[in-house]
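**Student:** Any chance you can model this:
(one chain, ligands or ions: 2)
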Amino acid sequence: MGAPTFVPGRVRVRVPATSANLGPGFDALGLALGLYDEVEVRLAPGGLSVTVRGEGAGDVPTDESHLVVRALRATLDRLGGQPPGLALTCTNRVPHGRGLGSSAAAIVAGVLAGRALVESGASGMDDTEALALATELEGHPDNVAACLRGGLTIAWMTDSNIRGGSGRTAGRAVRLEPARVQPVVFVPRTELSTRTARGLLPGVVPHADAAANAGRAALLVAALTGTPGTAGPPAGPVGASDVLGAPPAGEVDLALLLAATEDRLHQDYRAPAMPESAHLVADLRERGHPAVISGAGPTVLAFARPGGEEELRARAPEGWAVYVLPVDRAGGRVTWTAAGE
Ligand SMILES: Nc1ncnc2c1ncn2[C@@H]1O[C@H](COP(=O)(O)OP(=O)(O)O)[C@@H](O)[C@H]1O
Ligand SMILES: N[C@@H](CCOP(=O)(O)O)C(=O)O
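**Tutor:** Ligands and ions are numbered 1, 2, ... in the order given. Okay, the predicted model is just below:
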C-alpha cells in the first residue's frame with residue numbers, strides 16, 4: 001500500500017456517550033446516549049498539537065499518548081501512513097472514568113477522524129473493520145459498538161478457536177432500534193477506572209448465574225426493542241427524547257424491564273468499589289424503577305416512566321449530577337470543512 005492522499009481542510013467528528021451492559025448484557029449490550037464529545041482534526045506542517053476543552057482538560061495528556069491521538073495514529077497506520085503534522089481540538093462532555101464510555105468515545109473519534117482524513121479512507125477501512133480496530137484498542141466491544149452505530153447494539157467477539165479461523169478475535173455487532181425509553185443517569189463525583197472494575201471480576205461464575213443472565217439479556221433485548229408481546233400501552237406525542245430518530249410506537253413495559261435488567265455476573269462483584277452506586281441501584285429497583293450500573297460504574301442508569309424524570313432526579317444522592325438524556329440513534333458522525341472555511 002502506498003502513502004495515502006490526505007483530505008485538505010478540517011474533519012469534525014461527533015461521538016456519543018454510551019451505557020454498556022444494561023444489567024445482564026456484560027460486554028455485549030450497549031445503548032448510545034445523547035451526550036457528545038467533539039473532535040476537530042486539521043493537517044499541520046509538522047508536529048502534534050492537542051487542545052482539550054471540557055471534561056479531562058488539564059488531566060489527560062496532550063502528547064502522543066492522548067487516547068484520540070493513539071486511535072487516530074493506529075487508523076492512519078492501517079490506511080498507509082501518517083501526515084507530516086496534526087492539530088486536534090477536543091471538546092469533551094462525556095465525564096471520564098464514570099461508566100459512560102468516555103474511552104470508547106475517544107477511540108471511536110480517533111478511528112473515524114483517521115478514516116475521514118484519508119481520501120477514500122472508507123474503502124480502505126469499512127465499518128466492520130473500524131469496529132474491529134476500535135474494539136482492539138478498547139479491549140471489549142460493547143461501548144465502541146454503540147458509539148459507532150448509535151441506538152441499541154449487541155456486540156460479540158469472533159471465536160479465535162473456530163476451525164479455519166485466523167486465530168485472532170474481532171469485535172462485531174448488530175444494531176437494533178430501541179423503542180421509546182427515557183434514560184436518566186446519576187453521575188457521582190468519584191471516578192473508577194474500567195480496568196480497576198474489571199479486576200474485581202472472578203475468573204469463573206456459577207452456571208446458574210450464567211444461565212440466569214442469558215435469559216435476562218435475551219428478555220432485555222425484546223423489552224428494549226418493544227418486541228410484540230412486551231410493549232406497554234401506546235405512547236403519547238413524540239417528546240424531546242425522540243428528536244434523533246423515529247422510534248417504534250408504544251412504550252416499553254417498565255415492569256418487564258425491571259425483570260429484564262437483573263444481573264448476576266458483574267454488579268455484585270464490583271459493589272465494594274462503588275457502595276453508594278450499589279445502594280442507589282437497590283433503592284431504585286425496590287421502588288420499581290429499572291436501574292443498573294452503567295458500564296463498569298460508578299454511574300447509575302435508570303429508565304424513567306413517561307413523565308417520571310423528576311421523581312427519579314429526587315432520588316439522587318447529595319453531590320451527584322443527574323442527566324436526563326435522549327437515546328442517540330445516529331452514532332458517530334463525521335463532517336468535512338474545506339480548507340479556508
Ligand atoms: N476524550 C478523551 N481524551 C483523552 N483521553 C480520554 C478521553 N476520554 C477518556 N480518556 C481516557 O480514558 C480514561 C477513562 O476510561 P475508562 O476507565 O475506560 O472509563 P470510562 O468509563 O469513562 O470509559 C480517562 O481517565 C482518560 O485517560
Ligand atoms: N463491559 C464493560 C463496559 C465498560 O464500560 P465503561 O463505560 O465503564 O468503559 C465492563 O463492564 O467492564
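
**Student:** all contacts plus neighbour counts: C-alpha atoms, from now on.
**Tutor:** Noted.

**Student:** do stretch 113-128 and ligand 1 meet?
**Tutor:** No: Stretch 113-128 does not reach ligand 1 (CA under 6 Å from any ligand atom); its nearest approach is 13.3 Å.

**Student:** Could you check that stretch and say which residues are buried?
**Tutor:** Ala113, Gly114, Arg115, Ala116, Leu117, Val118, Gly121, Ala122, Met125 (16 or more other CA atoms under 10 Å).

**Student:** What are the phi and psi values at the third one?
**Tutor:** Translated: Arg115. For Arg115, the backbone dihedrals are phi -70, psi -40 (criterion: degrees, to the nearest 10).

**Student:** near ligand 2, which residues of the stretch 101-250 of the chain?
**Tutor:** By the rule CA under 6 Å from any ligand atom, the part of the stretch 101-250 of the chain lying against ligand 2 is Gly101, Thr194, Arg198.

**Student:** among the residues you listed, who's most crowded?
**Tutor:** Neighbour counts for these peak at Gly101, which has 32 neighbours (criterion: other CA atoms under 10 Å).

**Student:** wouldn't Val322 be in contact with Arg313 here?
**Tutor:** Yes: applying CA atoms under 8 Å, one finds Val322 in contact with Arg313, separated by 6.4 Å.

**Student:** between those two, which one's more packed in?
**Tutor:** The neighbour comparison of Val322 against Arg313 (other CA under 10 Å) goes to Val322, with 21 against 18.

**Student:** would that one count as being in a strand?
**Tutor:** Yes: per DSSP: H, G, I helix; E, B strand; the rest coil, Val322 lies within a strand segment.

**Student:** Look up which residues are beta-bridged to it.
**Tutor:** On the basis of DSSP bridges, Val322 is bridged to Phe186.

**Student:** pLDDT value on it, please?
**Tutor:** At Val322, the pLDDT value in this model is 98.

**Student:** List the contacts of it.
**Tutor:** Val184, Val185, Phe186, Val187, Arg313, Ala316 (CA atoms under 8 Å, 6 or more residues apart in numbering).

**Student:** so what pLDDT did the third one get?
**Tutor:** Here, the pLDDT recorded for Phe186 equals 98.

**Student:** Surely it and Gly297 touch.
**Tutor:** No: contact criterion CA under 8 Å: Phe186 and Gly297 do not qualify, at 10.3 Å.

**Student:** Looking at those two, which one has more neighbours?
**Tutor:** Gly297 (30 against 24).

**Student:** ok, back up a step: turn the residues of the stretch 101-250 of the chain next to ligand 2 into TSV, including secondary structure.
**Tutor:** Below are those laid out as TSV (three-state DSSP):
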residue	secondary structure
Gly101	coil
Thr194	helix
Arg198	helix
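
**Student:** Return the list of helices and strands in contact with the helix or strand encompassing Leu112.
**Tutor:** Following DSSP states H and E, one finds Leu112 within helix 102-117. Judged by 3 or more CA pairs under 8 Å, 6 or more residues apart in numbering; DSSP states H and E, the packing partners of helix 102-117 are strand 10-21, strand 25-44, helix 67-78, helix 121-124, helix 127-138, helix 142-149, strand 333-337.

**Student:** repeat that for 10 Å
**Tutor:** Contacts defined by 3 or more CA pairs under 10 Å, 6 or more residues apart in numbering; DSSP states H and E place helix 102-117 against strand 10-21, strand 25-44, helix 67-78, strand 85-92, helix 121-124, helix 127-138, helix 142-149, strand 333-337.

**Student:** Where among those is average confidence lowest?
**Tutor:** helix 121-124 (a mean of 81).

**Student:** Now do that one: which elements does it pack against?
**Tutor:** helix 67-78, helix 102-117, helix 127-138.

**Student:** okay, these, which one's buried deepest?
**Tutor:** Comparing the helices and strands packed on helix 121-124 by mean neighbour count (mean count of other CA atoms under 10 Å), helix 102-117 ranks first with a mean of 28.

**Student:** ok and that helix relative to strand 10-21, angle-wise?
**Tutor:** Orientation check (axes from the mean of the first three to the mean of the last three CA atoms, to 10 degrees): helix 102-117 against strand 10-21 gives 150 degrees.

**Student:** For helix 102-117, what is the distance to the chain centroid?
**Tutor:** 12 Å (CA atoms, centre = their mean, to the nearest Å).

**Student:** got the CA positions of it in PDB?
**Tutor:** Extracted C-alpha coordinates of helix 102-117, given in PDB (Å, rounded to 0.1, in the frame of the first residue of the first chain):
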ATOM      1  CA  SER A 102     -15.500   8.100  27.600                       C
ATOM      2  CA  SER A 103     -12.600   6.000  26.500                       C
ATOM      3  CA  ALA A 104     -14.700   4.300  23.800                       C
ATOM      4  CA  ALA A 105     -15.900   7.700  22.600                       C
ATOM      5  CA  ALA A 106     -12.200   8.900  22.400                       C
ATOM      6  CA  ILE A 107     -11.200   5.800  20.500                       C
ATOM      7  CA  VAL A 108     -14.100   5.900  18.100                       C
ATOM      8  CA  ALA A 109     -13.500   9.600  17.500                       C
ATOM      9  CA  GLY A 110      -9.900   8.800  16.600                       C
ATOM     10  CA  VAL A 111     -10.800   6.000  14.300                       C
ATOM     11  CA  LEU A 112     -13.500   8.000  12.500                       C
ATOM     12  CA  ALA A 113     -11.300  11.000  12.200                       C
ATOM     13  CA  GLY A 114      -8.300   9.000  10.800                       C
ATOM     14  CA  ARG A 115     -10.500   7.300   8.200                       C
ATOM     15  CA  ALA A 116     -12.000  10.700   7.200                       C
ATOM     16  CA  LEU A 117      -8.600  12.300   6.800                       C
END
